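[1] My questions concern the predicted model and sequence given below.
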Amino acid sequence: MPGIYLSLLLLALPAPSRAGQAAKDPVMDAMVRELDRSFDGLRHKEKVPLYYMEYELTVSTRGQISANMGALDYSGVTPSAVLDIDMRVNGMSLDNTHQVKGSMSWGDYSRSRSFPVALDGDEAAIRARLWEYTDKAYKEAEERFTKVEMNKAVTAAEEDPSPDFSTAPAEDFYETATLQQPDVAAWGARLRRLSARFEGLPFVYGSGVWLSWNNVNRYIVNSDGTRVKTGNNYVTLGYSLMSRTTDGMDLTRVKQYNGDSFAGLPSDKKVLSDMDRSIKELRELREAPLVEPYSGPAILKARAAAVYFHEIIGHRLEGHRQKLEDSGQTFARKVGQKVTSPIVSLYDDPTLREFDGIPLRGYYRFDDEGVRARRVTLVKDGVLKGFLMSRSPIRGFPSSNGHGRRSPGHEVVSRMGNTIMTASRTVPYSELRKMLIEECKKQGKPFGLVFDDISGGETNTERGGPQAFNVFPLLVHKVFTDGRPDQVVRGVNIVGTPLTSFSEIQAAGDDPEVFNGTCGAESGWVPVSAVSPSVLLGDIEVEKAPKSQQKPPVLPPPQAYGKE
Amino acid sequence: MKRNALNIMLLASALAAPAAAALPAGDKVFAAMRDEMSRSMDKLDLDGLGKPCFMAYRVQTGHTFSVSASFGGLERDYSADFRRLGVDLRVGTYSFDSSHYASDIWNGYHAAVDNSAPLEDDYGALRFDLWSLTDGAYKKALETYSKKKAFVESKNITDLYPDISTEPVHELYLPAPVERLDEALWKENARKVSAVFRKYPAVRYSAVGLDFTSGNERFLNSEGSAYRQPLCGGSVSIDAVGFAPDGFRLHSSYSESFCDAKDAPPLDRLISKAEEMGRKMTEQDKSGTLKAYIGPVLFERQAAAAFFSSLLVSNVSSPREIWTDPNRWYGDGVYRRAGRLVERLGMRVMSPFLNVVDDPLASYYDGRPLTGHYLADNEGVPARRLELVRRGKLVAYYMSRAATRDFTVSNGHGLGALDEYPDGSPSNVFIDPDGNPSKVLSDEALKKRFLDLCKDEELDYCVRVDSLNGLYGPFMAWKVYLDGREEPVHGIEFTEVTLRALRDIVAVSKKRGVYDLDWTTGGSIVTPSILVQEMEIKKSERKPDKLPYLPNPYFSD
């Protein structure tokens, strides 16, 4: 099954600057010339014609500085330029990308690959590599089409007979995202200082503080005439600390601050104050009792709710999953039907750069098929309205809405960008908490759960396995109905099935927050954001979380030696 | 009885602990290593299961620089400082400890490593990382030890030899500064060398790479042996791919290694090497193939190095087996076998006019750097020149501190990458022919002997090869006709290669060259070209590719 994760990882975006014209860019020029030459030259080389090709070149400069216990442990900047090629043969109704079903599907998974090209814009070098990779990709496309044709002949008809590809307008856009490199010495000193906060704590078994930045520019040219260069910047400051309980459970606290420039990062004062809170939480978690499997009312606080929506419905609204024959297709035939509480609306809008002043990682202007990004309404007042679409059409949705995404080396599928949940009725969080207690009393439960923080989640969207999701909480509180103080607990994962779980949403807070993360699926790891207010669910189920089974360290950390 | 005596003696030395080492004053890295090791040896004892019986820390510090280029364009550019930690921690006794057993075949047989240790000499941060790494290694050692004990008890194994030999404590502290290449210049050099192939359309795809690591390695063990010595590794590689007329993919590669920045190969040499590869590929572009061949083979230059590396060097290395839980992949419980010549100690393994020595103390041959140079091996044992083969007879093999039936102590060849446990390994191998004038010939005389042999065998042609990527895949060669005429051939493989070939060497060249050894810890081989009486060659079963549909735009626009 494709592992689909939303992990904690943050970044933001810069202000791309308009600079010059595509025609003056030697990289763009090399790509266009080689694309034109290859498309003309290869189009009718074999019996099955080449009908579409695209080059996407991702040029990035990625840097990181990290520190641990008061000392730097990495500092480096790595440039890269890698190419993706999409080649399609035969025609839009049936091409080489068509799903291979049945027993032949075994081993027909898409493979990640790395096609490096010259970093320095040398035209001859770039074109020589494009030629080399194009030849390889074309041969693979022809070979795979032979398999597709045979497979289609010997397997049952598909439920959704939609074509494999759709038309999209040719786009012409040029921008260059630039990012001023940070003052490495100053940041090194700062990270050393921050990381020293974790020194001497006997229960901290590992920790780190890091600054990472990535300046990414993508060139997209295709045989439809699209000529796009577009870019993003991602800057993250983060820290983590971990411990382990005597019963072999790893405990982690992680915090990341995302921006699209260094200027937007928080002050040391803010970071140190957050670190102190994380230290306190980690200490409490070590002492916290285990929760037994439970089913009952719960609040997912805003960021946790954002992950929840991403996992339980977001992935299931990715267009290609509605026609993959081995996909659960939970929502494929539910357009126009009620799928959740009427207070819930959900949309995905990659064109939003920020939400309430917080940069969104899921922002982009063009997707990886060169299609202009646009807002798409997924759920309106509880009724399913649409899907996230790449250029692979599905029944009732013949064209892309700019959600075809990938990380370099993978094939494009439809993915989320900025997924935003809004509620038609909201209450202050304090009111939501009261409602939780009331709901517990109504159900005869002595306590409800509040999920403060979540590391990520995973969901299975394939048939053959349960259509279930898992969400991994990092910090959970029990809220008692008898007025006792809240209690930190540990050792549970949220588990559920989407249709049931989604119908349990009873109320929402007025406190939307952003979860900036990186989402992994079959087309690789892509930056995403999810936004949601806190939500009250009438019933949520938790199960025991897996443990590492490792004992805590035999000796205390050296700095804490003698302190315990 | 004998084993008990050994235990008592070694227990005493283990308790002596690393504090005994006269570590360089003010070296905070060594201080952190010593203090954390002392604490671990003294206090680590999980639920009374036993303290470590031996520990060694390795700390590598330096800078790495790596670039690659293709067709005149720079494609990779990486430059960063590093510090890496490795720990070898054993439980049990010196006679029988937790080593030489792969407890988890998925993760292999590896030492614990931390690749992102503090770059700075920060005592507290270093001790924290050493502590964390040591804790994991200790728990793993306890588990491995119990599995190994159960394995041995379930078998009737009579030839058990001590896992750690007794060696004198040795200390060595060399200055080992971090060197930097002129990185801007080498980016340019990589570009320039890769641009040579713009002159050779027969080279369809190509790449040029340079990797250079410089720094130092600190070592300390629980007996008080310690060293600080240079850590360096540099190599330049050139790879070219072409196609024979039938579509068979032709590979040509060249690599040259060095240690010090001053020994980096000059640009003009690399350019002329690339030119030579381009010309050779252009000739091979018209090459044919052959169905089958049995007869003499002349292994010239790098091909001779590949021949010895594959048949001799790897078979006198790693003399101890690594065991594992018997399973469907390792049914007999042997995870890694010992070198195949180890069992033939004292027997004739090569032609009697050949001697082989390995000398880690040598650092140059004929002006070329030898990359196997060191003064103490990765177990802290002093390096020693080792005679391996005397007049064709095997007289020794590479030894680490793990004893064997034949040797109870190390011969200073215990080497391993940071994530490997040190094992008997090569450094600088010298193939030394004796002075027999009928066997050691000038290049011309060797070629003549080759053709004479060919004539004696009543063959129309014989096979000459000057570049090989091991003995077990397709390679390019030349058919040499009796009149000296040559034709390139491709898509052929050696078949039925056995150790017998080492005894079938009938003559060698006087002139010797320096080549890289294909080994995880690097090393060099100094070898003449060799003439082997008989090898079997067959047509490769690998299928040719479809030729590129379009020409490289550079040659067609």
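    Done, it's in.

[2] What ranges in the chain fall below the confidence cut-off?
    As the question left the chain open, I've gone with chain A. When residues are selected by pLDDT under 70, those of chain A lie in A:1-23, A:103-112, A:325-328, A:462-466, A:560-564.

[3] wrong one, I was asking about chain B
    Using pLDDT under 70, the flagged stretches of chain B are B:1-17, B:19.

[4] dump the residue contacts of the closest residue to chain A within it.
    Residue nearest to chain A within chain B: B:Gly73 (2.5 Å; Cβ to the nearest Cβ). Quick note: C-beta positions are derived from backbone N, CA and C, even for glycine. Contacts of B:Gly73 were listed using Cβ atoms under 8 Å, 6 or more residues apart in numbering or on different chains, and they are A:117-120, A:122, A:124-126, A:129, B:191, B:194.

[5] Which positions are bridged to it in the beta structure?
    B:Ser70 (DSSP bridges).

[6] before we move on, the earlier item: for the contacts of B:Gly73, which single residue is the most surrounded?
    A:Ile126 (30 neighbours; other Cβ atoms under 10 Å in any protein chain shown).

[7] correct me, but A:Arg62 touches A:Asn233?
    No. Applying Cβ atoms under 8 Å as the test, A:Arg62 and A:Asn233 come out as separate, 11.0 Å apart.

[8] The two - which one has more neighbours?
    Neighbours were tallied for A:Arg62 and for A:Asn233 using other Cβ under 10 Å; the higher tally belongs to A:Asn233 (25 against 15).

[9] could you dump the helix or strand harbouring B:Glu75 to CSV, C-alpha only?
    Using DSSP states H and E, B:Glu75 sits within strand B:73-91. Extracted C-alpha coordinates of strand B:73-91, given in CSV (Å, rounded to 0.1, in the frame of the first residue of the first chain):
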residue,chain,number,x,y,z
GLY,B,73,28.5,20.8,-17.0
LEU,B,74,28.9,20.6,-13.2
GLU,B,75,26.2,18.4,-11.8
ARG,B,76,27.1,17.8,-8.1
ASP,B,77,28.9,20.0,-5.7
TYR,B,78,29.1,19.0,-2.1
SER,B,79,31.5,20.5,0.5
ALA,B,80,31.0,20.0,4.3
ASP,B,81,32.9,19.3,7.5
PHE,B,82,32.1,16.1,9.3
ARG,B,83,32.7,14.3,12.5
ARG,B,84,31.8,10.7,12.9
LEU,B,85,31.9,8.3,15.9
GLY,B,86,32.3,4.6,15.9
VAL,B,87,32.2,2.2,18.8
ASP,B,88,33.3,-1.5,19.0
LEU,B,89,32.0,-2.8,22.3
ARG,B,90,32.3,-6.5,23.2
VAL,B,91,30.8,-8.5,26.1
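
[10] Now do the contacts for the residue nearest the centre of chain B.
    Nearest to the centroid of the C-alpha atoms of chain B, with distances taken as Cα atoms, centre = their mean, sits B:Trp519, at 1.3 Å. When contacts are counted by Cβ under 8 Å, 6+ apart, B:Trp519 touches B:309, B:313, B:425-426.

[11] does it sit in a helix or strand, and which one?
    B:Trp519 belongs to no helix or strand, assigned by DSSP H and E.

[12] Show the backbone phi and psi for it.
    Backbone torsions for B:Trp519, taken as degrees, to the nearest 10, come to phi -150, psi 150.

[13] ditto for A:Gly231
    Per-residue torsions, A:Gly231: phi -150, psi 160 (degrees, to the nearest 10).

[14] Quick check: the gap between it and A:Asn215.
    Relative to A:Asn215, A:Gly231 is positioned 7 Å away (Cβ to Cβ, to the nearest Å).

[15] before we move on, the earlier item: ranking by neighbours, what's the top pick from the contacts of B:Trp519?
    B:Ser425 (30 neighbours).
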